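Novice: please work out how this folds:
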Amino acid sequence: MLQKIRELSKHLAIYGAGDVAIQALNFLLLPFYVRYLTQADYGVLALLASVEATVKLFFRWGVDGAFMRFWYDSEDEQTRQRLASTLFFFLLGTNGVLLILALIASPFLSERLLQSPGYTLALQLVLLNTFAIGFTFIPFHVLRMQKRAREFSVLTIARSASTLVLRVVLVMGAGLGIMGVVIADVVVTSVILTVMVGSFAPLLRPTFSKEVLRKSLAFGLPRIPHGFALQLMSVGDRFVMTRYLSIQDIGVYSMGVSFGLIEKIVLGAFEYAWAPFYYATAREPGAPRVFSTVATYGLAVLALMTAGLSAIAVDLLDAVTRGQYVAAAGVVSWTAIGVFFYGVYLLTSIGLNITSRTQYYPVTTAIGATVNIGLNFVLIPRFGIIGAAWANGAAYALQASIAFGFSQRFYPVAYEYGRVSRVIAAALIAYASARVLPVMPAFAGVLVRGLTVIVVMGALLWLTGFFNADELRALNALRMRGTPRGPTTTAETTELAGEIVAVDVPDNSFQRDGKGGRE
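Specialist: Numbers count the residues shown, from 1 in each chain. Model (predicted):
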């Protein structure tokens with residue numbers, strides 16, 4: 001198990017380092033952004049981002065997950081080329097038609113979705129950019145599956161850094177405002193696609209397989225209602241707000257959500273490494289025990305970040321936005337809580353992927369999305385933006401609990417409920433300890449309250465015996481370089497998708513009830 005966790009930790013660090021660095025720099029630039037973009041500008045950008053998130057889902061048709069799943073089943077390069085080519089030409093033809101229709105409808109959609117005239121071109125550029133991004137999963141997935149994590153990170157860092165620099169130039173330097181943000185995204189996407197032609201070319205051939213497309217859509221289409229419900233949970237509240245609140249209120253809410261999603265930077269890096277990890281680990285004996293341990297420590301990290309971010313929310317907003325968005329502090333806390341429950345969902349619903357019971361995913365997300373939208377209509381008129389934040393946290397908690405129940409039914413994992421309860425209790429006490437501290441200058445508040453959460457939570461976990469001797473030795477070993485000494489539990493291994501997969505374990509050990517896995 002130590003070897004598996006070391007491998008996951010290594011790839012988490014590689015995938016996450018770039019995103020953390022770029023997001024940190026982008027965060028530090030917020031005080032400058034707020035000088036050039038008004039609260040109304042942030043409201044429009046939030047709505048454009050919501051459109052992009054929704055359209056991106058339909059432009060993928062769920063075949064991005066199918067590509068990763070069936071890549072593992074491909075026996076040779078020709079089979080993989082047929083898979084990649086079929087999906088590429090399907091997306092090119094189908095999405096090309098949808099794009100043309102969307103561009104024609106843009107003047108009508110812009111005025112109604114964005115609450116303001118004059119943003120038709122911005123909406124059209126967002127649609128074009130989303131269409132282009134729809135193809136990048138092929139080379140990016142290949143980099144992940146071929147264990148080329150560093151190349152993956154270099155490309156993602158380059159994309160993020162270029163976007164950041166160009167936004168600064170166009171927004172702050174050229175004074176283009178919202179259009180500067182949109183143009184920067186389009187330019188960077190065009191450059192990235194040009195650079196990645198070398199990765200596309202070996203995979204694409206003038207071939208198309210109806211059988212490959214049929215299998216891919218059968219596998220991927222259930223992801224669309226699932227993904228749509230997830231997007232509805234993430235961005236649906238913005239569209240409900242347009243009925244009851246001003247565009248400035250939406251801007252304040254959007255700023256709070258941006259701060260609350262800080263911990264999702266780490267969670268996003270974890271997602272990159274997590275899917276290949278549990279696909280590979282599920283083939284090996286003792287996999288549920290590994291998943292249980294990863295879940296315990298994963299939830300501990302998430303609980304620490306949630307408590308810390310909630311404790312410093314007021315001071316952080318005051319320091320970074322020069323007091324302009326302090327009203328969003330409650331939104332920060334409840335968004336962070338929503339991210340925590342999304343992490344619970346990621347960690348504990350993997351049994352549905354491993355056993356291919358993917359039909360249950362749309363059920364969990366549909367319930368969560370329905371509750372979210374319903375609560376938004378009830379809470380926003382009465383409580384404003386904080387009502388939307390409450391709805392967000394409640395919906396993610398409900399989704400996680402339902403998905404957990406389904407997953408346990410088909411792939412039981414003995415999670416450490418006692419230790420997880422200690423983690424949550426310690427996080428709550430640490431948060432309360434930090435919040436009762438007296439008012440202080442903003443930057444000092446961020447430092448003092450943040451350190452208080454870390455110290456109090458760490459001390460409570462230590463005093464309650466959360467860390468056992470074996471795990472302390474394992475955690476200490478994670479700091480060592482190189483592979484651990486002594487024989488491994490498998491006789492012969494091969495590296496696949498960034499993880500160690502035992503080649504002497506038959507494929508049927510990965511299957512339950514004749515089912516395979518999926519992302």
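Novice: quick one: distance of stretch 52-60 to the chain centre.
Specialist: 15 Å (CA atoms, centre = their mean, to the nearest Å).
Novice: need the residues that contact it.
Specialist: Stretch 52-60 has contacts (CB atoms under 8 Å, 6 or more residues apart in numbering) with 91, 95, 98, 102, 126-127, 129-131, 133-134, 137, 220, 224, 227-228, 231, 234-235. All C-beta atoms are positioned from the backbone trio N, CA, C, and that covers glycine.
Novice: show the buried residues in those residues.
Specialist: Listed as buried from the contacts of stretch 52-60 are 91, 95, 102, 126-127, 129-131, 133-134, 137, 220, 224, 227-228, 231, 234-235; burial here means 16 or more other CB atoms under 10 Å.
Novice: flag every buried residue along stretch 419-438.
Specialist: In terms of neighbour count (16+ other CB under 10 Å), stretch 419-438 has its buried residues at 419-420, 422-423, 426-427, 429-431, 433-435.
Novice: which ones among those residues lie within helices?
Specialist: Taking DSSP state H, the ones among the buried residues of stretch 419-438 that sit in helices are 419-420, 422-423, 426-427, 429-431, 433-435.
Novice: distance to Gly330 for those residues - can I get that in JSON lines?
Specialist: As requested, those are exported to JSON lines (distance: CB to CB, whole Å):
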{"residue": "Arg419", "distance to Gly330": "30"}
{"residue": "Val420", "distance to Gly330": "26"}
{"residue": "Arg422", "distance to Gly330": "27"}
{"residue": "Val423", "distance to Gly330": "23"}
{"residue": "Ala426", "distance to Gly330": "23"}
{"residue": "Ala427", "distance to Gly330": "18"}
{"residue": "Ile429", "distance to Gly330": "20"}
{"residue": "Ala430", "distance to Gly330": "19"}
{"residue": "Tyr431", "distance to Gly330": "14"}
{"residue": "Ser433", "distance to Gly330": "19"}
{"residue": "Ala434", "distance to Gly330": "16"}
{"residue": "Arg435", "distance to Gly330": "13"}
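Novice: from those, which single one is nearest Gly260?
Specialist: Tyr431 (14.3 Å; CB to CB).
Novice: is it true that the closest one touches Gly450?
Specialist: No. In this structure, Tyr431 is not within contact of Gly450 by CB atoms under 8 Å, at 11.1 Å.
Novice: which helix or strand contains the residue nearest to the spatial centre of the chain?
Specialist: In the chain, the residue lying closest to the centroid (CA atoms, centre = their mean) is Gly268, at 4.1 Å. Secondary structure from DSSP states H and E places Gly268 in helix 264-281.
Novice: just checking, what packs against that helix?
Specialist: Helix 264-281 sits against helix 2-28, helix 137-145, helix 287-321, helix 329-348, helix 350-354, strand 499-502, with contacts defined as 3 or more CB pairs under 8 Å, 6 or more residues apart in numbering; DSSP states H and E.
Novice: show me what counts as buried in that helix.
Specialist: 264-267, 269-281.
Novice: let me see the contact set for Tyr253.
Specialist: 46, 237-238, 241, 245, 328, 331, 385, 388-389.
Novice: hmm, 10 Å instead?
Specialist: By CB atoms under 10 Å, 6 or more residues apart in numbering, the contact list for Tyr253 reads 39, 42-43, 46, 237-238, 241, 245, 325, 327-328, 331, 335, 380, 384-386, 388-389.
Novice: who's in contact with the nearest residue to Ile133 once chain neighbours are set aside?
Specialist: The spatial neighbour of Ile133 that comes closest, neighbours along the chain excluded (CB to CB, 6 or more residues apart in numbering), is Thr189 at 5.9 Å. Thr189 makes contact with 128-133, 136, 159, 162-163 under the criterion CB under 10 Å, 6+ apart.
Novice: in those, find the pair that's most separated.
Specialist: Phe131 and Ser162 (19.5 Å).
Novice: C-alpha coordinates for the helix or strand containing Val55, CSV please?
Specialist: Here Val55, judged by DSSP H and E, is contained in helix 39-60. Coordinates of the C-alpha atoms in helix 39-60 are reproduced here as CSV (Å, rounded to 0.1, in the frame of the first residue of the first chain):
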residue,chain,number,x,y,z
GLN,A,39,-18.8,44.4,-10.0
ALA,A,40,-21.1,44.4,-13.0
ASP,A,41,-18.1,43.3,-15.2
TYR,A,42,-17.6,40.4,-12.8
GLY,A,43,-21.3,39.6,-13.1
VAL,A,44,-21.1,39.4,-16.9
LEU,A,45,-17.9,37.3,-16.8
ALA,A,46,-19.6,34.9,-14.3
LEU,A,47,-22.5,34.5,-16.7
LEU,A,48,-20.2,33.9,-19.7
ALA,A,49,-18.3,31.3,-17.7
SER,A,50,-21.6,29.6,-16.9
VAL,A,51,-22.4,29.5,-20.6
GLU,A,52,-19.0,28.1,-21.4
ALA,A,53,-19.2,25.4,-18.7
THR,A,54,-22.6,24.2,-20.1
VAL,A,55,-21.7,24.3,-23.7
LYS,A,56,-18.4,22.5,-23.1
LEU,A,57,-20.3,19.6,-21.7
PHE,A,58,-22.4,19.2,-24.8
PHE,A,59,-19.4,19.7,-27.1
ARG,A,60,-17.7,16.6,-25.5
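Novice: next one: the next helix or strand after that helix to chain centre, how far?
Specialist: Sequence order places helix 63-71 as the next helix or strand after helix 39-60, per DSSP H and E. Here helix 63-71 is found 18 Å from its chain centre; the criterion is CA atoms, centre = their mean.
Novice: now helix 63-71 against helix 39-60, angle please.
Specialist: Put simply, helix 63-71 runs at 40 degrees to helix 39-60, going by axes from the mean of the first three to the mean of the last three CA atoms, to 10 degrees.
Novice: which positions in helix 63-71 come out as buried?
Specialist: 63-71.
Novice: returning to what we had before: what about the helix holding Val55, average pLDDT?
Specialist: Averaged across helix 39-60, the pLDDT comes to 81.
Novice: angle of that helix against helix 137-145?
Specialist: Using the same axes, to 10 degrees: helix 39-60 against helix 137-145 is 80 degrees.
Novice: show me where pLDDT drops low in this structure?
Specialist: Counting by pLDDT under 70, the ranges of the chain that qualify are 1-32, 72, 115-117, 147, 149, 199, 272, 470-519.
Novice: on contacts alone, who are the packing partners of the biggest helix by length in it?
Specialist: The helix that spans the most residues within the chain, counting by DSSP H, is helix 77-113. Of the remaining helices and strands, those touching helix 77-113 by 3 or more CB pairs under 10 Å, 6 or more residues apart in numbering; DSSP states H and E are helix 39-60, helix 63-71, helix 120-133, helix 137-145, helix 210-220, helix 223-244.
Novice: the fourth one: what's the following helix or strand?
Specialist: Right, helix 137-145. helix 149-167.
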